[in-house]
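Colleague: okay, structure incoming, though there's no sequence with it:
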(Lines give C-alpha, C1' and ligand atoms only; values in the text may rest on other atoms or scores of the structure.)
Protein backbone atom coordinates (compact mmCIF):
# COMPACT_ATOMS: atom_id res chain seq x y z
CA UNK A 1 0.00 0.00 0.00
CA UNK A 2 1.32 3.43 -0.97
CA UNK A 3 1.36 5.99 1.82
CA UNK A 4 0.73 9.53 0.60
CA UNK A 5 3.15 11.97 2.25
CA UNK A 6 2.33 15.68 2.31
CA UNK A 7 5.41 17.86 1.98
CA UNK A 8 5.13 21.03 4.01
CA UNK A 9 7.09 24.10 5.13
CA UNK A 10 6.97 25.61 8.62
CA UNK A 11 7.29 29.40 8.84
CA UNK A 12 8.26 31.09 12.11
CA UNK A 13 8.76 34.82 12.66
CA UNK A 14 11.27 35.67 15.36
CA UNK A 15 12.28 38.73 17.37
CA UNK A 16 14.62 38.30 20.34
CA UNK A 17 13.13 35.03 21.61
CA UNK A 18 15.99 32.65 20.87
CA UNK A 19 15.41 30.34 23.88
CA UNK A 20 11.75 29.92 22.98
CA UNK A 21 12.68 29.44 19.33
CA UNK A 22 15.01 26.58 20.26
CA UNK A 23 12.23 24.88 22.22
CA UNK A 24 9.88 25.21 19.25
CA UNK A 25 12.51 23.78 16.88
CA UNK A 26 13.02 20.85 19.25
CA UNK A 27 9.28 20.25 19.05
CA UNK A 28 9.55 20.20 15.26
CA UNK A 29 12.41 17.70 15.52
CA UNK A 30 10.00 15.28 17.23
CA UNK A 31 7.26 15.45 14.57
CA UNK A 32 5.76 12.19 13.32
CA UNK A 33 6.08 13.64 9.81
CA UNK A 34 9.04 15.98 9.51
CA UNK A 35 8.84 19.22 7.54
CA UNK A 36 10.80 19.55 4.32
CA UNK A 37 12.05 22.91 5.57
CA UNK A 38 11.64 25.34 8.43
CA UNK A 39 12.01 29.02 7.55
CA UNK A 40 12.78 31.33 10.48
CA UNK A 41 12.29 34.98 9.52
CA UNK A 42 14.31 37.05 11.97
CA UNK A 43 13.22 40.66 12.51
CA UNK A 44 16.00 41.47 14.97
CA UNK A 45 19.77 41.55 14.89
CA UNK A 46 20.38 38.01 13.68
CA UNK A 47 20.35 34.60 15.33
CA UNK A 48 23.28 32.60 16.66
CA UNK A 49 23.99 28.95 15.94
CA UNK A 50 20.89 26.81 16.47
CA UNK A 51 22.48 23.41 15.93
CA UNK A 52 21.63 20.61 13.50
CA UNK A 53 18.10 19.43 12.75
CA UNK A 54 16.66 16.64 10.58
CA UNK A 55 15.13 19.16 8.18
CA UNK A 56 16.38 22.07 6.12
CA UNK A 57 16.57 25.03 8.52
CA UNK A 58 16.69 28.38 6.74
CA UNK A 59 17.45 31.52 8.74
CA UNK A 60 16.30 34.61 6.87
CA UNK A 61 17.11 38.17 7.94
CA UNK A 62 14.22 40.53 7.32
CA UNK A 63 14.72 44.27 6.92
CA UNK A 64 13.52 45.96 10.08
CA UNK A 65 13.82 49.47 8.62
CA UNK A 66 10.29 50.33 9.76
CA UNK A 67 8.87 52.13 12.75
CA UNK A 68 7.03 49.03 14.02
CA UNK A 69 7.79 45.31 13.84
CA UNK A 70 6.47 44.12 10.42
CA UNK A 71 4.77 40.88 11.45
CA UNK A 72 2.48 40.67 8.42
CA UNK A 73 5.25 41.37 5.92
CA UNK A 74 7.64 38.96 7.64
CA UNK A 75 5.12 36.10 7.44
CA UNK A 76 4.61 36.81 3.76
CA UNK A 77 8.36 36.92 3.20
CA UNK A 78 8.70 33.43 4.65
CA UNK A 79 5.79 32.06 2.62
CA UNK A 80 7.12 33.48 -0.65
CA UNK A 81 10.44 31.68 -0.11
CA UNK A 82 8.89 28.29 0.66
CA UNK A 83 9.48 25.39 -1.70
CA UNK A 84 6.42 23.28 -0.82
CA UNK A 85 2.74 23.60 -1.62
CA UNK A 86 1.58 23.26 1.99
CA UNK A 87 2.38 25.90 4.62
CA UNK A 88 2.27 25.76 8.41
CA UNK A 89 2.74 29.00 10.35
CA UNK A 90 3.90 28.73 13.96
CA UNK A 91 4.31 31.46 16.55
CA UNK A 92 7.86 31.42 17.91
CA UNK A 93 6.48 30.57 21.37
CA UNK A 94 4.41 27.55 20.24
CA UNK A 95 5.95 24.11 20.79
CA UNK A 96 4.00 21.64 18.62
CA UNK A 97 2.74 18.29 19.90
CA UNK A 98 4.44 15.39 18.13
CA UNK A 99 1.55 14.82 15.71
CA UNK A 100 0.62 18.48 15.24
CA UNK A 101 2.19 19.12 11.84
CA UNK A 102 1.11 15.82 10.30
CA UNK A 103 -2.51 16.43 11.35
CA UNK A 104 -2.55 20.05 10.28
CA UNK A 105 -0.93 19.53 6.89
CA UNK A 106 -3.26 16.64 6.06
CA UNK A 107 -6.45 18.46 7.11
CA UNK A 108 -5.54 21.64 5.25
CA UNK A 109 -4.50 19.71 2.14
CA UNK A 110 -7.62 17.54 2.01
CA UNK A 111 -10.03 20.36 2.85
CA UNK A 112 -8.11 22.82 0.65
CA UNK A 113 -8.65 25.45 3.30
CA UNK A 114 -7.44 27.40 6.31
CA UNK A 115 -7.00 25.31 9.47
CA UNK A 116 -6.16 26.59 12.95
CA UNK A 117 -4.82 24.31 15.67
CA UNK A 118 -5.56 24.35 19.39
CA UNK A 119 -3.18 26.41 21.57
CA UNK A 120 -2.71 25.32 25.17
CA UNK A 121 -0.91 27.65 27.55
CA UNK A 122 1.97 26.59 29.75
CA UNK A 123 1.88 27.34 33.49
CA UNK A 124 5.67 27.34 33.86
CA UNK A 125 8.92 27.43 31.93
CA UNK A 126 10.40 24.59 29.91
CA UNK A 127 13.52 23.05 31.49
CA UNK A 128 15.98 20.35 30.47
CA UNK A 129 13.89 17.78 32.35
CA UNK A 130 10.63 18.69 30.58
CA UNK A 131 9.32 15.80 28.47
CA UNK A 132 6.80 16.02 25.60
CA UNK A 133 4.17 14.56 27.94
CA UNK A 134 4.99 17.21 30.54
CA UNK A 135 4.16 19.93 28.02
CA UNK A 136 0.51 18.91 27.98
CA UNK A 137 0.34 18.14 31.70
CA UNK A 138 1.67 21.61 32.50
CA UNK A 139 -0.66 23.48 30.14
CA UNK A 140 -4.25 24.72 30.26
CA UNK A 141 -6.88 25.71 27.70
CA UNK A 142 -7.66 29.34 27.08
CA UNK A 143 -11.20 29.91 28.43
CA UNK A 144 -12.13 32.02 25.41
CA UNK A 145 -11.29 29.28 22.91
CA UNK A 146 -13.63 26.48 21.81
CA UNK A 147 -12.52 22.93 22.59
CA UNK A 148 -12.39 20.84 19.43
CA UNK A 149 -12.23 17.08 19.04
CA UNK A 150 -10.97 16.20 15.58
CA UNK A 151 -11.96 18.79 12.98
CA UNK A 152 -14.81 21.31 12.96
CA UNK A 153 -15.82 23.58 10.11
CA UNK A 154 -16.20 27.09 11.52
CA UNK A 155 -18.31 29.96 10.18
CA UNK A 156 -16.97 32.55 12.66
CA UNK A 157 -13.67 33.55 11.05
CA UNK A 158 -12.94 35.93 13.95
CA UNK A 159 -11.99 32.82 15.96
CA UNK A 160 -8.83 32.61 13.87
CA UNK A 161 -5.61 33.42 15.69
CA UNK A 162 -2.29 33.31 13.83
CA UNK A 163 -0.47 31.31 16.55
CA UNK A 164 -0.71 27.99 14.71
CA UNK A 165 -2.33 27.45 11.35
CA UNK A 166 -1.98 25.75 7.99
CA UNK A 167 -3.06 26.73 4.50
CA UNK A 168 -2.16 25.56 0.98
CA UNK A 169 0.32 27.97 -0.57
CA UNK A 170 -1.86 28.49 -3.64
CA UNK A 171 -4.80 29.45 -1.44
CA UNK A 172 -2.53 31.80 0.54
CA UNK A 173 -1.50 33.56 -2.66
CA UNK A 174 -5.05 33.63 -4.08
CA UNK A 175 -6.45 35.46 -1.06
CA UNK A 176 -3.66 38.03 -1.09
CA UNK A 177 -1.52 36.87 1.84
CA UNK A 178 -1.26 39.10 4.91
CA UNK A 179 -2.06 42.77 4.36
CA UNK A 180 1.32 44.45 4.77
CA UNK A 181 -0.28 47.80 5.55
CA UNK A 182 -0.65 46.43 9.07
CA UNK A 183 2.61 47.13 10.86
CA UNK A 184 3.38 46.05 14.38
CA UNK A 185 1.09 44.21 16.75
CA UNK A 186 -2.66 44.16 16.36
CA UNK A 187 -5.55 43.09 14.10
CA UNK A 188 -3.53 41.75 11.18
CA UNK A 189 -4.57 38.16 11.87
CA UNK A 190 -8.30 38.95 12.05
CA UNK A 191 -7.94 40.91 8.81
CA UNK A 192 -6.25 37.87 7.25
CA UNK A 193 -9.12 35.64 8.36
CA UNK A 194 -11.75 37.97 6.91
CA UNK A 195 -9.84 38.19 3.62
CA UNK A 196 -9.81 34.39 3.60
CA UNK A 197 -13.57 34.38 4.12
CA UNK A 198 -14.07 36.93 1.34
CA UNK A 199 -12.06 34.70 -1.00
CA UNK A 200 -14.42 31.79 -0.30
CA UNK A 201 -11.79 29.69 1.45
CA UNK A 202 -13.28 27.38 4.11
CA UNK A 203 -12.08 27.67 7.72
CA UNK A 204 -11.65 24.75 10.11
CA UNK A 205 -10.67 24.36 13.74
CA UNK A 206 -8.53 21.36 14.62
CA UNK A 207 -7.80 19.63 17.90
CA UNK A 208 -4.10 19.39 16.95
CA UNK A 209 -2.23 21.00 19.84
CA UNK A 210 0.61 23.41 20.43
CA UNK A 211 1.95 24.46 23.83
CA UNK A 212 2.44 28.19 24.20
CA UNK A 213 5.48 29.14 26.25
CA UNK A 214 5.21 31.92 28.78
CA UNK A 215 6.79 35.28 28.08
CA UNK A 216 6.51 38.80 29.53
CA UNK A 217 3.29 40.59 28.55
CA UNK A 218 1.83 44.02 29.23
CA UNK A 219 -1.81 44.45 30.39
CA UNK A 220 -3.02 46.50 28.67
CA UNK A 221 -0.34 46.38 25.94
CA UNK A 222 0.93 49.93 26.25
CA UNK A 223 4.17 48.77 24.64
CA UNK A 224 2.14 48.40 21.41
CA UNK A 225 -0.11 51.43 21.80
CA UNK A 226 0.75 53.23 18.54
CA UNK A 227 0.60 50.24 16.18
CA UNK A 228 -2.64 49.02 17.79
CA UNK A 229 -4.25 52.42 17.20
CA UNK A 230 -2.99 52.57 13.62
CA UNK A 231 -4.02 49.00 12.84
CA UNK A 232 -7.45 49.31 14.44
CA UNK A 233 -8.12 52.46 12.41
CA UNK A 234 -7.14 50.64 9.23
CA UNK A 235 -9.26 47.62 10.16
CA UNK A 236 -12.33 49.79 10.82
CA UNK A 237 -11.93 51.59 7.51
CA UNK A 238 -11.75 48.24 5.74
CA UNK A 239 -14.35 46.16 7.60
CA UNK A 240 -16.64 48.68 9.30
CA UNK A 241 -16.25 47.60 12.93
CA UNK A 242 -13.68 47.88 15.71
CA UNK A 243 -11.35 44.98 16.53
CA UNK A 244 -9.65 44.62 19.93
CA UNK A 245 -12.49 46.50 21.63
CA UNK A 246 -11.46 45.46 25.17
CA UNK A 247 -7.96 46.73 24.59
CA UNK A 248 -9.22 50.01 23.13
CA UNK A 249 -11.53 50.44 26.11
CA UNK A 250 -8.56 50.11 28.47
CA UNK A 251 -6.54 52.66 26.49
CA UNK A 252 -9.49 55.08 26.60
CA UNK A 253 -10.02 54.58 30.36
CA UNK A 254 -6.35 55.37 30.98
CA UNK A 255 -6.60 58.54 28.88
CA UNK A 256 -4.32 57.53 26.04
CA UNK A 257 -6.89 57.63 23.22
CA UNK A 258 -10.08 59.40 22.21
CA UNK A 259 -12.41 56.64 20.99
CA UNK A 260 -16.09 55.83 20.92
CA UNK A 261 -17.08 52.24 20.29
CA UNK A 262 -20.34 53.34 18.63
CA UNK A 263 -18.73 55.94 16.38
CA UNK A 264 -17.15 55.62 12.94
CA UNK A 265 -14.74 58.42 13.85
CA UNK A 266 -11.12 57.29 13.78
CA UNK A 267 -9.26 56.74 17.04
CA UNK A 268 -7.20 59.74 18.08
CA UNK A 269 -4.00 59.22 20.04
CA UNK A 270 -4.05 61.64 22.99
CA UNK A 271 -0.67 60.92 24.56
CA UNK A 272 2.04 58.31 24.77
CA UNK A 273 3.07 56.49 27.96
CA UNK A 274 6.55 57.05 29.32
CA UNK A 275 8.82 54.02 29.92
CA UNK A 276 7.87 53.85 33.60
CA UNK A 277 4.16 53.77 32.79
CA UNK A 278 4.73 50.96 30.31
CA UNK A 279 6.74 48.94 32.85
CA UNK A 280 3.99 49.32 35.45
CA UNK A 281 1.82 47.17 33.17
CA UNK A 282 4.33 44.33 32.86
CA UNK A 283 3.44 40.80 33.87
CA UNK A 284 6.69 38.83 33.82
CA UNK A 285 4.99 35.46 33.53
CA UNK A 286 1.40 34.65 32.67
CA UNK A 287 -0.08 31.82 30.62
CA UNK A 288 -2.39 34.20 28.74
CA UNK A 289 -4.46 37.35 29.15
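Modeller: Arrived safely, thanks for sending. Only a predicted model underlies this, so the values are computations on that prediction, with no experimental measurement involved. Numbers count the residues shown, from 1 in each chain.
Colleague: which stretches in the stretch 1-150 of the chain count as helices?
Modeller: 18-29, 71-80, 100-111, 132-137 (DSSP state H, counting those that start in this stretch).
Colleague: closest to residue 198 out of those helices?
Modeller: helix 71-80 (16.7 Å; Cβ to Cβ). For the C-beta atoms, the positions are set from N, CA and C on the backbone; glycine is no exception.
Colleague: list the helices and strands the closest one packs on?
Modeller: strand 9-14, strand 37-42, strand 86-90, helix 188-198 (3 or more Cβ pairs under 8 Å, 6 or more residues apart in numbering; DSSP states H and E).
Colleague: redo the ones you listed as JSON lines? Include mean pLDDT, distance to residue 132 and mean neighbour count.
Modeller: Output for the helices and strands packed on helix 71-80, formatted as JSON lines (pLDDT from 0 to 100; distance: least, Cβ to Cβ, whole Å; neighbours: other Cβ atoms under 10 Å):
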{"stretch": "strand 9-14", "mean pLDDT": "97", "distance to residue 132": "17", "mean neighbour count": "25"}
{"stretch": "strand 37-42", "mean pLDDT": "96", "distance to residue 132": "18", "mean neighbour count": "22"}
{"stretch": "strand 86-90", "mean pLDDT": "98", "distance to residue 132": "16", "mean neighbour count": "25"}
{"stretch": "helix 188-198", "mean pLDDT": "97", "distance to residue 132": "27", "mean neighbour count": "21"}
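Colleague: mind putting these into CSV with distance to residue 22?
Modeller: Below are these laid out as CSV (distance: least, Cβ to Cβ, whole Å):
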stretch, distance to residue 22
strand 9-14, 11
strand 37-42, 11
strand 86-90, 13
helix 188-198, 24
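Colleague: okay if I get the helices of the stretch 1-150 of the chain as JSON lines plus mean neighbour count?
Modeller: Converted to JSON lines, the helices of the stretch 1-150 of the chain look like this (neighbours: other Cβ atoms under 10 Å):
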{"stretch": "helix 18-29", "mean neighbour count": "19"}
{"stretch": "helix 71-80", "mean neighbour count": "22"}
{"stretch": "helix 100-111", "mean neighbour count": "22"}
{"stretch": "helix 132-137", "mean neighbour count": "14"}
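Colleague: among the ones you listed, which is nearest residue 61?
Modeller: Of all those, helix 71-80 sits nearest to residue 61, with 10.0 Å by Cβ to Cβ.
Colleague: not counting its neighbours along the chain, what's nearest residue 81?
Modeller: Using Cβ to Cβ, 6 or more residues apart in numbering and skipping residues adjacent in sequence, the residue nearest residue 81 is residue 39, 6.0 Å away.
Colleague: distance check, the one you found against residue 266.
Modeller: 36 Å (Cβ to Cβ, to the nearest Å).
Colleague: got the domain boundaries for the protein?
Modeller: What automatic domain parsing lists as the domains of the chain is 9-212, 217-283.
Colleague: buried deepest among these, which one?
Modeller: domain 9-212 (a mean of 18; mean count of other Cβ atoms under 10 Å).
Colleague: quick one: end-to-end length of that one, please.
Modeller: End-to-end distance of domain 9-212 (Cα to Cα, to the nearest Å): 20 Å.
Colleague: before we move on, what about stretch 211-229?
Modeller: 29 Å.
Colleague: for stretch 49-57, same thing?
Modeller: 11 Å.
Colleague: what sits against residue 234?
Modeller: Contact partners of residue 234, counting by Cβ atoms under 8 Å, 6 or more residues apart in numbering, are 181-182, 187.
Colleague: helix/strand/coil for it?
Modeller: Secondary structure state of residue 234, per DSSP: H, G, I helix; E, B strand; the rest coil, is helix.
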